[in-house]
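Enquirer: please work out how this folds:
(2 chains)
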Amino acid sequence: MTETTFDDRTGDAAEGDRKKIMATLAAATPEAIAGKYENLSPPSFELVRQPETGLVMVRGRMGGTGSPFNLGEVTVTRCVVRLETGETGSAYSLGRNKKKALHSAVIDALWQRPETRARIENDIIAPLAAAQETAKETVRQETGATRVDFFTMVRGDN
Amino acid sequence: MYVAVKGGEKAIRNAHKLTAKRRRGDTSVPALTLEQIAQQLSHSVARVMGEGSLYDETLAALAIKQARGDLIEAAFLMRAYRTTLPRFGYSTPVDTGAMLVERRVSATYKDLPGGQVLGPTFDYSHRLLDFALAAEDDGAQLPVETAQSEDRPMPRVTDLLGDEGLMEPDPVTDEDAPVGDLTREPLSFPADRDLRLQNLARGDEGFLLALAYSTQRGYGRTHPFAGEIRYGEVEVEFFAEELGFAVTLGAIKVTECQMVNQFAGSAQAAPTFTRGYGLVFGQVERKAMSMAMVDRSMRWQELGEEQVAPAQDIEFVLSHSDNIQATGFVEHLKLPHYVDFQAELDLVRRMRAEWFGRREQQEEGEAATEAAQ
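Expert: Numbers count the residues shown, from 1 in each chain, chains lettered A, B, ... in the order given. Below is the predicted model:
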């Protein structure tokens, strides 16, 4: 699903932003999130859905673009919290780390609160996203050095 | 016949304690950490995740440690663990076209959009043991080169052929059409391609390799070219009902193989290349290639070919590809079959008694005839 189709369908850009926030949190390590969470002076919240680990069956497509088939499962942990101020935050990410799910859900809820959104974006999301982009860039650069430059041997006339 | 037998509990308990001790080995040698296994034995981890049909690197590392490196036993542990977890649902299909590519090669085109990138590979190495790794922990590590990254698109080779009409199109069904799932209903025949691909994706690497090899050696030739092999990270998305949108769960590493095979066509349809498809967890190229070749072989009926070889026999392939099932049935022979065997003992004794009885009669008969003569 690209964001464009997503936004076209719902007509809600904010939802696209939230999707990005949640994706950045999901891609971060539990340690990175815990570090950011400690600095937050976490708010009061209640658990709507306890951190829970389960399975999602990953699908592929025949030939890459054809009909779907089931490839295999991944472990996923999710959590839903509600802040005292009423915002509901959710987290979904690969793996089995419940603390990460809880922290991510609280951060997601705080992002939805207009009063704390900027702080969450600047102090948590931006640095996490930057670190993730740097890691991807390293992979691209290291991979790029293994790109093959073909040259053709020219045969002589005799 | 199975009869409950009691006894041996103490022996079993002690055997398990001994296994634990042997697993750990010499305690003056540091124990393996899961991080070490996940980082440094990544191909083992990938194989266990693929054949265990559960992507979780830390769990696979634990399974390998617990199984003392027995990868089929480790995959078995993964399959057992997954039964303890609830199923949240199905992901949206991963888009391998949007992969963060770490390796991409094609044996069909030298110059193709996005280029050929070798990435991490054993190919082109001389397969000489590197004693530097034995002498020092990290061996003689050379600094890795980097190049200006080019974020240029890497269209699939099959799509390039498809644009020219030279490749059969991928089958497309209605997005809401049911997709077969082996973890929900047992395999039955005839099995459609969705079930076949799921079965192959979690099938035994060695079995699929042997079958793929058999097709190259003449047992059901499919004339394959490695159109493209790509390895890297793809994002997994899951539609969360309560949120009303698809959330990104994170990225997993997969290997995809597109085999380009010889032709199909009819009076109605112009000749085109045909294809076999492989997709597996982690960097497991040998299996992705084998999967694509076996997938193509099993499509004989739909492509109007003759069935002449084991790799084309859907029931044979799918029924024997799962090494957890196979090991269960083969290894159950170690369990007590005392009563079964008792029955066979009785039978063979009776057969022998009858045989000796008949021979005695025959000998007596012959002796009587001789005496009469």
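Enquirer: from now on I want contacts and neighbour counts done on CA atoms only, so please keep to that.
Expert: Will do.
Enquirer: now do the helices in chain A.
Expert: Using DSSP state H, the helices of chain A run over A:3-10, A:13-27, A:30-38, A:98-112, A:114-120, A:126-144.
Enquirer: nearest to B:A11, out of those helices?
Expert: helix A:98-112 (38.9 Å; C-alpha to C-alpha).
Enquirer: how much space between A:P127 and chain B?
Expert: 17 Å (C-alpha to the nearest C-alpha, to the nearest Å).
Enquirer: any idea how many residues pack against that residue?
Expert: A:P127 is flanked by 14 other residues according to other C-alpha atoms under 10 Å in any protein chain shown.
Enquirer: which residues sit in contact with it?
Expert: A:P127 makes no contacts at all, as judged by C-alpha atoms under 8 Å, 6 or more residues apart in numbering or on different chains.
Enquirer: which intervals of chain A have sub-threshold pLDDT?
Expert: A:1-13, A:152-158 (pLDDT under 70).
Enquirer: can I get the helices of chain A in TSV including distance to B:K21?
Expert: Output for the helices of chain A, formatted as TSV (distance: least, C-alpha to C-alpha, whole Å):
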stretch	distance to B:K21
helix A:3-10	53
helix A:13-27	38
helix A:30-38	33
helix A:98-112	32
helix A:114-120	49
helix A:126-144	40
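Enquirer: just those: most buried one?
Expert: Neighbour counts (mean count of other C-alpha atoms under 10 Å in any protein chain shown) averaged over each of the helices of chain A peak at helix A:98-112, with a mean of 25.
Enquirer: got the angle for that one vs helix A:30-38?
Expert: 50 degrees (axes from the mean of the first three to the mean of the last three C-alpha atoms, to 10 degrees).
Enquirer: helix A:98-112 and chain B, are they touching?
Expert: No. Counting by C-alpha under 8 Å from any C-alpha of the partner chain, chain B has no neighbours in helix A:98-112; the shortest distance is 11.2 Å.
Enquirer: how about the residue of the stretch 251-373 of chain B at minimum distance from chain A, nearest residue that isn't a chain neighbour?
Expert: Nearest residue of the stretch 251-373 of chain B to chain A, counting by C-alpha to the nearest C-alpha: B:Y277, 5.3 Å away. Among residues not flanking B:Y277 along the chain, B:A292 sits closest, at 4.1 Å (C-alpha to C-alpha, 6 or more residues apart in numbering or on different chains).
Enquirer: my read is the one you found is in a strand, agree?
Expert: No. B:A292 is assigned helix when assessed by DSSP: H, G, I helix; E, B strand; the rest coil, not a strand.
Enquirer: how about the contacts made by the spatially most central residue of chain A?
Expert: Nearest to the geometric centre of chain A sits A:A23, at 2.0 Å (C-alpha atoms, centre = their mean). Applying C-alpha under 8 Å, 6+ apart to A:A23 gives the contacts B:V247, B:T248, B:L249, B:G250.
Enquirer: for it, give its distance to B:A132.
Expert: 41 Å (C-alpha to C-alpha, to the nearest Å).
Enquirer: re the thing from before, right, and the helices of chain A - which one's nearest B:G328?
Expert: Comparing the helices of chain A by C-alpha to C-alpha, helix A:98-112 comes nearest, at 33.8 Å.
Enquirer: now the angle between helix A:13-27 and the closest one, please.
Expert: Using the same axes, to 10 degrees, helix A:98-112 lies at 150 degrees relative to helix A:13-27.
Enquirer: returning to what we had before: check which helices and strands whatever helix or strand the residue of the stretch 251-373 of chain B closest to chain A lives in is in contact with.
Expert: Secondary structure assignment for B:Y277, by DSSP states H and E: strand B:272-281. On a contact count with 3 or more C-alpha pairs under 8 Å, 6 or more residues apart in numbering or on different chains; DSSP states H and E, strand B:272-281 meets helix B:42-52, helix B:193-201, strand B:245-264, helix B:285-297.
Enquirer: least reliable of these going by mean pLDDT?
Expert: Among these, strand B:245-264 has the lowest mean pLDDT, at a mean of 94.
Enquirer: run the chain-centre distance for that strand.
Expert: Chain-centre distance of strand B:245-264: 16 Å, with C-alpha atoms, centre = their mean, to the nearest Å.
Enquirer: wait, does that strand contact chain A?
Expert: Yes. Strand B:245-264 lies within reach of chain A by C-alpha under 8 Å from any C-alpha, at B:F245, B:A246, B:V247, B:T248, B:L249, B:G250, B:A251, B:Q258.
Enquirer: relative to that strand, what are the paired strands and their orientations?
Expert: strand B:225-240 (antiparallel), strand B:272-281 (antiparallel) (DSSP bridges).
Enquirer: hey, which of the ones you listed is tucked in deepest?
Expert: Mean neighbour counts for the strands paired with strand B:245-264 (mean count of other C-alpha under 10 Å) peak at strand B:272-281, with a mean of 26.
Enquirer: shaky segments in chain B?
Expert: B:1-5, B:140.
Enquirer: residue boundaries of the helices in it?
Expert: Using DSSP H, helices in chain B cover B:9-24, B:34-40, B:42-52, B:57-66, B:71-82, B:131-135, B:157-163, B:193-201, B:205-216, B:285-297, B:314-320, B:323-331, B:338-372.
Enquirer: what would those look like in JSON lines with mean neighbour count?
Expert: Output for the helices of chain B, formatted as JSON lines (neighbours: other C-alpha atoms under 10 Å in any protein chain shown):
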{"stretch": "helix B:9-24", "mean neighbour count": "12"}
{"stretch": "helix B:34-40", "mean neighbour count": "16"}
{"stretch": "helix B:42-52", "mean neighbour count": "26"}
{"stretch": "helix B:57-66", "mean neighbour count": "23"}
{"stretch": "helix B:71-82", "mean neighbour count": "21"}
{"stretch": "helix B:131-135", "mean neighbour count": "11"}
{"stretch": "helix B:157-163", "mean neighbour count": "18"}
{"stretch": "helix B:193-201", "mean neighbour count": "25"}
{"stretch": "helix B:205-216", "mean neighbour count": "20"}
{"stretch": "helix B:285-297", "mean neighbour count": "27"}
{"stretch": "helix B:314-320", "mean neighbour count": "17"}
{"stretch": "helix B:323-331", "mean neighbour count": "14"}
{"stretch": "helix B:338-372", "mean neighbour count": "12"}
